[in-house]
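Trainee: Only the shape, not the letters, is given here:
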């Protein structure tokens, strides 16, 4: 990719910057994504075509994780697993880039905390408990409604027999 092409792609990517979509993600995940995106954008603007591709990949990953997180919150177990696996991959890549000194400012220097696997597991379990409680409450309401319908039906049948 030529330097001019890289600069055009960088300008285009800047127009579709990560922060708007990352607002929906857990901040512990959005922070590392934002840092990696910014680092890739800096390299892209410097003419590194591979970094431009990396910035696009980070944007795609963020959209996938955002969709998976929303689906997980709505009770989709596969989405929860995809979100958890994707988050672990992001944290692994983020830590690798941190160790390599590839990340400049932002999240890495801002004192933000990473999202540990233990914390992810605890958060996942809390969401699952919440979903199970909501499901149980729904089941209880449906059972109660069914009992009311049965009682109404019984009264109706008794009236017909008279």
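Mentor: Noted; the coordinates are in hand. Only a predicted model underlies this, so the values are computations on that prediction, with no experimental measurement involved.

Trainee: If you rank every helix and strand of the protein by mean pLDDT, what lands last?
Mentor: helix 19-22 (a mean of 46; mean pLDDT, DSSP states H and E).

Trainee: ok, residue 142 to residue 148 distance?
Mentor: 11 Å (C-beta to C-beta, to the nearest Å). Just so you know, the C-beta spots here come from the backbone N, C-alpha and C atoms, and that holds for glycine as well.

Trainee: next one: residue 133
Mentor: 23 Å.

Trainee: do the same with residue 139
Mentor: Using C-beta to C-beta, one obtains 15 Å as the distance from residue 139 to residue 148.

Trainee: same thing with residue 81?
Mentor: Distance from residue 81 to residue 148, counting by C-beta to C-beta: 38 Å.

Trainee: now do residue 70
Mentor: Applying C-beta to C-beta to residue 70 and residue 148 gives a distance of 34 Å.

Trainee: now residue 29
Mentor: Applying C-beta to C-beta, one obtains 45 Å for the distance of residue 29 from residue 148.

Trainee: Neighbour count: these two, which is higher?
Mentor: In terms of neighbours (other C-beta atoms under 10 Å), residue 29 is the more surrounded of residue 29 and residue 148; the figures are 23 against 10.

Trainee: give me every residue that touches the more buried one.
Mentor: For residue 29, the contacting residues are 65, 87, 90, 91, 115, taking C-beta atoms under 8 Å, 6 or more residues apart in numbering as the criterion.

Trainee: thought the first one was touching residue 87?
Mentor: Yes - the criterion here is C-beta atoms under 8 Å, and residue 65 meets it with residue 87 at 6.8 Å.

Trainee: And the helices in the chain?
Mentor: Listed in chain order, the helices of the chain (DSSP state H) span 3-15, 19-22, 27-45, 49-73, 77-99, 117-161.
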